[in-house]
Structures are given as C-alpha cells and as structure tokens.
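K.L.:
sharing a model that was predicted from the sequence below.
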Amino acid sequence: MKNIFNTLLLLFLVSFFALPALACVGKTLQIGTTGSVQQNIMAHMIAELISERTGTSVKLVEFANSAEAHAALVKADIDLYVEYTGIGQGLILQGQPMADASELYKQVKDRYNQDLNLIWLQPLGFDAASSLKVNMPAEPAPVVRKDTLKKFPALARLINKLGGKIDQQAIAQLEQQAMTAEVAKVAHNFLKSQRLI
Amino acid sequence: MLNSYMHRRSFSLNLLCGLLLLLTSCVTPSPQVRQVGDLVISDLQIWSGDIRISGVVQVTSEGRLILQPGTRLFFVRMDRDEDGIGDAELLVEGEFEAQGTADQPILLTSAAAHPQPADWKFLYFDYARKVKINYLISEYAYSGVQIHFCRAQIRHSEFRYNIDGVRFSTANIQMTDTSLHHNRHGIRFEERGGQGRIHHNRIYQNEIGVFAVVRCADKTLFEYNDFEQNIPYQIKMGLKQQRSLNFPRNWWGDAAGLAQETVFDQFYDPVLGQVFAPEPLTLPFGLISTPKESSP
C-alpha cells in the first residue's frame, strides 16, 4: 500500500513539474494556411495570439488547397488550420449541402470529432460562401488535432477568444489593409484593437 | 606621378585591409578556430579561444565545463527539425562556469554572416549542479539562457538580440548588474515554486520587459532594476497567470512610476492577476543609492 502511495505521489510530482500549461520548451506549433489573403490573415491572427499570450513558437506552413492542408493535419504534419464549414462538409466529408449554418457547423464538428479525431473550435464570425463560390453557408473556424489540445490544455480556450470576433465588415477591412501592409502586422493590429494581446 | 599613384593605391589598400581586419575580428572566428559537432562532456573541460559549434554540446551530470576569459563560441545555424529555430545548443546538466572579465567577456553568438535571433537554440541548464556566470554575452539565440530545476548566479552579463533574453522555470535565480535588451522578452519565467532575486539590472528596449507566463507567486523579487522603453509592455502576464504580482522599488523610465498602459494584466483580461509596482524609484538605480543586499 505504501509503495502504491509512493508511486502515485512520484507520478503526481513528475507530472506537476514537468508539464507546462502551454509553454513547452522547444515545441513549435505548426499552423496551416491555403495561401489566400483571407487564410493568411486568419493563420497569422491565431499565430500571433498564441505567441503573444503564451510565448510558444508558431510556424506557418502553406498548402495549395484545403485537401492538402487537411491531409497534413490528419498526418500530424501541422497542428491546426482554419477550414470552412462548407468545404469540410462538401470536399472533406463528401456530405450533402445544408442550408442552416448552425446545423451545418454542428454536423461537421460532430463528424470530424467522431471520424477524424479533429476538433472544430468556435467559428470566427463571418461567412465566406460567396468568396469561395460554394453552394452552402461557409463559416471559417480553426480545426485542431485532438492530441494537440491534450498537449496544450489551454489552447482551445485561447483560440476561442477569436470566436465571433471577425464579422463580414471586419474581414473585408482586414483584407483591404493586407493589400498594402504585411499580413502579420494587420493581424497583430487587429488583436491589439480587440485588446486580446 | 607613378610613385604618387602607387602611394595612394598602397594607402587605400592598407586602409581597406585594416578596416576588413577590424570588422572581421569583431564578429568572426579567428583562423585557429576549433570545430565541434555533437559532443558529450562527462569530465572536466576548460575551453578558451574561438570554438565553432555545429551540433548539440551536452555536459552530463558528471561533467564540468569552464569557459575562460575571452572565450567565444560561434553556433552554426542549422535546423534539423525545420521548426524555424536553430538547433545548435549548449546543454548543461553538470557544472558550468563562465569566467569572463570586464576586459575579456565571454561571447556566445551566431556563426552566421548576417545573424538573426534564434540562429541557435540556447545555453540550457537542466538540473545543473552548479551555474556561475560572470561577464558573459549571449546573443542571436532562441533563448540567451534557459535555467530549469537548478540554482544559478548571473552577474555582469548581457543578453541581447534573442527571442528570450533570460528564461527560467522552477529555478532559484540570483541575477545582478546585467543588461537585457533588444530581445522579444527580456526575462521570461514560470516560477513554479522557485525563488530568487533579480536586482540592479538594466532591462530596456525589449518588446516585453518581463513575461510572467504562469504559476508566478512573488517568490522572485525584482527590485532596483531599470525598466525602460520595453514596448509595448514593461510587464506582461501569460494566459493563466491569475495571481497578482509585485515589482517593488524599480525605475520605470518615468518618475511617475509604472504606466498602466505598459502592463498586460487584469486591465486587458479580467481573468488575469494585477501587476503592482510600489515604491517606484524616482531615478535610475545608477543615479541614486540603492542597497545591494536584499530588502526586508
């Protein structure tokens, strides 16, 4: 009994001291982007938020399209990227179009979780269906590997601070700003204006 | 005419050579540079002169490394895991002494012709048995120094052009008479039960002066330091730093004390603790009498 207690105590102490909340020494989080201005803005915004609030290093990785980014996410080559509900449902899950945005988000989120071990965080707040030319409402939201969330328990709460923060008008302004300024700077300034960093 | 031309040409060449010599002697290894790749040190080694490191140098718990005055370590930019951070590093689990002097400081730097922060990884102490650093300059690393699970004494040193100047967690730190500037974070720490005293240092022109990431509980005393022009924040709390922190008796670049807008705390995020800066100095510590011994 005493040995069991000692073993449990040792395990507790090791885990208590050895697992930083979100500041793993040497660990770099990899965020995917499909390279459009809109995707780059969102990727930089998440990267800046993580880096500024936790000090964790973040690297952006560019892909040609959603299919490539999704494949990299499944293979654990990246930790997260921003996907659109319409793309997730149509291209990735090969599902039927749905008109109801909240129902679409719920269904995509559930199937990603059950079938792919991937977690959809809160939608960022705008609809990109027209710009993506897809025939169902397309809300962007960060999609994260489940094991990444286990390694960094505070990550979901942090990224969800962006939930609903970027409406249609805001993304249009950000894209406009990105025409003449560095995307990273645009993302940084937006986070500052929202008092998030 | 020809003599005059030759004389001018010779003078110009000499001037050019002299300038080149001056420039190269400042930033590049001398011709006698020693080359080191991945290396494990389990005995006593005393290093001096110029050493070019292209790998991980590990001083094991049985090992001891002494850097003599004027030693210069040049870390080669290499990124084996492609994470954007250089992988060359000096990892110490045994004993380490940097015996620099005012005239002959020790230099840890990038070997790159155009160095950048994070060209190399860090000087890293993990459960080290002894850490004594005097007159050491550490630059262009991811972290100028990282200290974990051990005691460390840092004096008369300089940490510049790094992502983190000085970073520590669960460690007992004594740091004095040291400059931290032009880093992303001057000091970044997670206290986690550690304690120490950081005093009579100059922490300036970093993006963040002090980044208290998590589990900090006022056991590390910051006093009699000069904090100036750390923009945007002199002090910043990490995502989960919910306990308030005190930074007493420091100079904040203004006789009025620490300006609220230069602190990222509860003012920005209600779940965070609050930063207090009682008894601010009205002048930089060098201009007034301040005790070197710990305040009661």
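P.N.:
On my side now, so go ahead.
K.L.:
if I look at the residue in chain B positioned nearest to chain A, what pLDDT would I see?
P.N.:
Nearest residue of chain B to chain A, counting by CB to the nearest CB: residue B:83, 3.9 Å away. Just so you know, the C-beta spots here come from the backbone N, C-alpha and C atoms, and that holds for glycine as well. As predicted, residue B:83 sits at a pLDDT of 81.
K.L.:
again with residue B:113
P.N.:
For residue B:113, pLDDT reads 97.
K.L.:
what strand or helix carries it?
P.N.:
Here residue B:113, judged by DSSP states H and E, is contained in no helix and no strand.
K.L.:
so how far is residue B:119 from it?
P.N.:
11 Å (CB to CB, to the nearest Å).
K.L.:
and what of residue A:187?
P.N.:
25 Å.
K.L.:
tell me the contacts of residue 73?
P.N.:
Chain wasn't specified; assuming chain A. A:32, A:79-81, A:118, A:143, A:145 (CB atoms under 8 Å, 6 or more residues apart in numbering or on different chains).
K.L.:
oops, I was thinking of chain B
P.N.:
Contacts of residue B:73 (CB under 8 Å, 6+ apart): B:47, B:51, B:53, B:67, B:90, B:106-109.
K.L.:
am I right that it sits in a strand?
P.N.:
Yes: counting by DSSP: H, G, I helix; E, B strand; the rest coil, residue B:73 is located in a strand.
K.L.:
would you double-check that residue A:52 falls in a strand?
P.N.:
No: under three-state DSSP, residue A:52 falls outside any strand and is assigned helix.
K.L.:
name the nearest residue to it, sequence neighbours excluded.
P.N.:
Using CB to CB, 6 or more residues apart in numbering or on different chains and skipping the chain neighbours, the partner closest in space to residue A:52 is residue A:197 (4.0 Å).
K.L.:
in chain A, which residue sits closest to chain B?
P.N.:
Counting by CB to the nearest CB, chain A gets nearest chain B through residue A:28, at 3.9 Å.
K.L.:
who does that residue form a beta bridge with?
P.N.:
Counting by DSSP bridges, residue A:28 forms beta bridges with residue A:57.
K.L.:
burial count for it?
P.N.:
Residue A:28: 15 surrounding residues under other CB atoms under 10 Å in any protein chain shown.
K.L.:
do residue A:125 as well
P.N.:
17.
K.L.:
please enumerate the helices of the chain.
P.N.:
Defaulting to chain A. Along chain A, counting by DSSP state H, helices occupy A:2-18, A:37-54, A:66-74, A:85-87, A:101-111, A:129-132, A:146-151, A:155-159, A:168-178, A:183-193.
K.L.:
hm, I was asking about chain B
P.N.:
Going by DSSP H, chain B shows helices at B:2-27.
K.L.:
can you pull the contacts of the most centrally placed residue in it?
P.N.:
The centroid of chain B falls nearest to residue B:159 when counting by CA atoms, centre = their mean (2.7 Å). Residue B:159 makes contact with B:137-139, B:144-145, B:165-166, B:178-181, B:183, B:186 under the criterion CB under 8 Å, 6+ apart.
K.L.:
check residue B:219 and give its pLDDT.
P.N.:
Value listed for residue B:219 in the pLDDT field: 96.
K.L.:
do the one 3 residues further on as well
P.N.:
In this model, residue B:222 is scored at 98, pLDDT.
K.L.:
test my guess that it contacts residue B:191.
P.N.:
No: in this structure, residue B:222 is not within contact of residue B:191 by CB atoms under 8 Å, at 11.5 Å.
K.L.:
nearest spatial neighbour of residue A:188, skipping sequence neighbours?
P.N.:
The spatially closest residue to residue A:188, leaving aside those adjacent along the chain, is residue A:48, at 5.2 Å (CB to CB, 6+ apart).
K.L.:
I figured that neighbour hits residue A:194, correct?
P.N.:
No: contact between residue A:48 and residue A:194 fails when scored by CB under 8 Å: they sit 11.4 Å apart.
K.L.:
center of chain A - which residue?
P.N.:
Short answer for chain A (CA atoms, centre = their mean): residue A:142, at 2.8 Å.
K.L.:
how many neighbours does residue 46 have?
P.N.:
Since you didn't name a chain, this refers to chain A. 28.
K.L.:
ah, no, chain B please
P.N.:
12.
K.L.:
show me what it is bridged to.
P.N.:
residue B:66.
K.L.:
what's the answer for residue B:132, then?
P.N.:
residue B:97, residue B:153.
K.L.:
my read: it touches residue B:96, true?
P.N.:
Yes: if you go by CB under 8 Å, residue B:132 and residue B:96 touch, sitting 7.2 Å apart.
K.L.:
looking at the two, which is more packed in?
P.N.:
Per other CB under 10 Å, whichever of residue B:132 and residue B:96 has more neighbours is residue B:96, with 23 against 15.
K.L.:
if I look at that one, what pLDDT would I see?
P.N.:
Value for residue B:96, per-residue pLDDT: 98.
K.L.:
equivalent analysis for residue A:99, please.
P.N.:
89.
K.L.:
give me every residue that touches it.
P.N.:
So residue A:99 contacts A:136-137 (CB under 8 Å, 6+ apart).
K.L.:
more crowded one of residue B:113 and residue B:119?
P.N.:
Comparing residue B:113 with residue B:119 by other CB under 10 Å, the one with more neighbours is residue B:119, at 25 against 8.
K.L.:
mind checking pLDDT for the residue nearest to the more buried one when sequence neighbours are not counted?
P.N.:
Distances taken as CB to CB, 6+ apart put residue B:110 closest to residue B:119, at 3.6 Å, once the chain neighbours are dropped. We have a pLDDT of 98 for residue B:110.
K.L.:
hang on, residue B:110 packs against residue B:139?
P.N.:
Yes: in this structure, residue B:110 is within contact of residue B:139 by CB under 8 Å, at 7.4 Å.
K.L.:
pull the number of nearby residues for the closest residue to residue B:109 other than its chain neighbours.
P.N.:
Distance criterion CB to CB, 6+ apart; nearest residue to residue B:109, sequence neighbours excluded, is residue B:139 at 5.1 Å. Close neighbours of residue B:139, defined as other CB under 10 Å, add up to 21.
K.L.:
again with the one 4 residues further on
P.N.:
Taking other CB under 10 Å as the criterion, the count of residues near residue B:143 is 29.
K.L.:
so it sits against residue B:163, correct?
P.N.:
Yes: here residue B:143 reaches residue B:163: they are 6.6 Å apart, a contact under CB under 8 Å.
K.L.:
dump the residue contacts of residue B:238.
P.N.:
Per CB under 8 Å, 6+ apart, neighbours of residue B:238: A:23, A:53-55, B:211-214.
K.L.:
which one of the residues you listed is nearest to residue B:197?
P.N.:
Set against residue B:197, the nearest of the contacts of residue B:238 by CB to CB is residue B:212 (15.6 Å).
K.L.:
surely that closest one and residue B:240 touch.
P.N.:
No: using CB under 8 Å as the test, residue B:212 is too far from residue B:240 to be in contact (10.5 Å).
K.L.:
of those two, which one has the most company?
P.N.:
Using other CB under 10 Å, the more surrounded residue of residue B:212 and residue B:240 is residue B:212, with 29 against 21.
K.L.:
which strand residues bridge that one?
P.N.:
Applying DSSP bridges, one finds that residue B:212 bridges with residue B:189, residue B:237.
K.L.:
next one: it from residue A:154, what distance?
P.N.:
Distance from residue B:212 to residue A:154, by CB to CB: 15 Å.
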